[in-house]
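>>> Okay, sequence plus prediction incoming.
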Amino acid sequence: MPRFEKIAYKPIPVRELLLKMKNLSGLMIDLAYSAALFNDKELAEDVLELENQIDTFAYFLNMEIMIAARDAEDAEALIGVSTVAAATDKISDAAADIAAIVTQEISIHPLIGEIFEKVEERLMKATVKEGSVIAEKRIGDLDLAANMGVDVIAIRRDEDWIIDPTETEKILVGDILITRGAPMGIKEFKDLADIGAMKMEKHERGKFEEILERFVELKNTSELMIDLAYSSLLLDSKDLAEEVQRLEEYVDKLHTDFELLVARSDFEKDEASSFLGLIRLGVAAEKLADAAAEMAEVVLRDIEPHPVLKLAIKEAEETVAQACVTSDSPLVNKTLKEARVPEETGMWILAIKRQGTSLRPKSQLRIRDGDVLIASGYSKGVEDLKKLASPQKLCSNE
């Protein structure tokens, strides 16, 4: 039976705890998928360490809520904060489950490489070569998020990992970078830096094509739900919260179909471990969807999201924002694919509000004058998105 050390209470503001939990949990998902994609045990172990940090933050936050709730009215006001904190903790648990696939030495199926070539946001592992134009540059000076929609999420230097490096961190020759971003931005970064991306062996698709497509949809949808849930809280939007709930039912069915496909696949006995890894990835994706649905319930139950909660989402490294498209915007009449918003701003379009309805973004969907773009991404990109959507005119639709 596990023994737990007693955690000494520290008075930390609720907003600060929420902010740390949101930032860390989001980072953990990307790091965990990176650990699985690149089969890196040390990175996976770092993800598990981050989970312990979030568990501690959740413990402190629950204590702060108990101390702050003096009566039933206070308790009702804080219930949304508690629900979101619990859901954020579940997100970190899902990331730890992904990392455990690596630490427990469950085989990583070759199909994983192909999956990550098809998802909306790409991960890339690269080594900085001698003569690279990014060598000896600080991350902040490169301004990758705003210029290309790319973020350096970890640096392997010698035997150590630098997780979520700061803007003042200098990139050195020989550093191994893990980056994430839009496909075009990742390619642009590779060309700019003249660094070699890790070459993946192509797995023979054939009979596994349907498994591949199903998991890509499962991963993309579950992560979209997390962003939509945070958006619904920040904007106090019932239609976004309802979309999260609808997608949760969709993910449940998608996950069941995915597991059945894997179970029915014609794999050899020595492939059983790698197929177990695929199944566990699917379970983790469904956990993300469930956590998003719990956050959305705060809005659907007519609980006014606490100002502290909204502030924490606004101030997070990855935030959500809305921007109204005016007639003078270069986005008007472009498809989402043509608009290249992630590459231009570092923000990803989550939904488009048009004439009272919320549209799920598809690459061929055309942007119209009067649309309200709901987006998630790096905080620095919010102003860039708003300038792109409304260069001169004011918009009353937000």
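Cool, the structure landed. Numbering: from 1, shown residues only.

>>> Sketch out the strands for the stretch 201-350 of the chain, chain order is fine.
For the stretch 201-350 of the chain, strands defined by DSSP state E, counting those that start in this stretch occupy the ranges 318-324, 347-354.

>>> Repeat that for the stretch 51-200 of the chain.
In the stretch 51-200 of the chain, the segments counted as strands under DSSP E, counting those that start in this stretch are 122-127, 150-157, 160-163, 176-181, 196-197.

>>> Show me what the third one pairs with in its sheet, parallel or antiparallel.
Just to be clear, that refers to strand 160-163. Strand pairing for strand 160-163, determined by DSSP bridges: strand 150-157 (antiparallel).

>>> List the buried residues of the partner strand.
Of all the residues in strand 150-157, those buried under the rule 16 or more other C-beta atoms under 10 Å are Val150, Asp151, Val152, Ile153, Ala154, Ile155, Arg156. C-beta here means a position set from N, CA and C on the backbone, and glycine is covered the same way.

>>> from the chain's centre, how far out does the longest helix that the chain contains sit?
Criterion DSSP state H: the longest helix present in the chain is helix 72-103. Relative to the centre of its chain, helix 72-103 is centred 15 Å away, using C-alpha atoms, centre = their mean, to the nearest Å.

>>> just stretch 151-161 next, same as before
19 Å.

>>> what mean pLDDT does that stretch have?
Confidence for stretch 151-161, expressed as mean pLDDT, is 86.

>>> Tell me how many other residues surround Thr103.
Close neighbours of Thr103, defined as other C-beta atoms under 10 Å, add up to 16.

>>> how close does it get to Ile79?
35 Å (C-beta to C-beta, to the nearest Å).

>>> which helices and strands does the helix or strand hosting Glu383 pack with?
Taking DSSP states H and E as the definition, Glu383 sits inside helix 381-389. Under the contact definition 3 or more C-beta pairs under 8 Å, 6 or more residues apart in numbering; DSSP states H and E, helix 381-389 sits against helix 144-148, strand 318-324, helix 341-345, strand 347-354, strand 372-378.

>>> wait, which of the ones you listed is closest to Glu16?
Relative to Glu16, the nearest member of those by C-beta to C-beta is strand 318-324, separated by 15.9 Å.

>>> For the closest residue to Leu331 other than its chain neighbours, which residues are in contact?
Distances taken as C-beta to C-beta, 6 or more residues apart in numbering put Ile367 closest to Leu331, at 4.7 Å, once the chain neighbours are dropped. Residues in contact with Ile367 (C-beta atoms under 8 Å, 6 or more residues apart in numbering) are Val325, Ser329, Leu331, Val332, Asn333, Lys334, Thr335, Leu336, Ala339, Ile352, Leu373.

>>> out of those residues, which one sits closest to Leu309?
The shortest gap between Leu309 and any of the contacts of Ile367 belongs to Leu373, at 22.5 Å (C-beta to C-beta).
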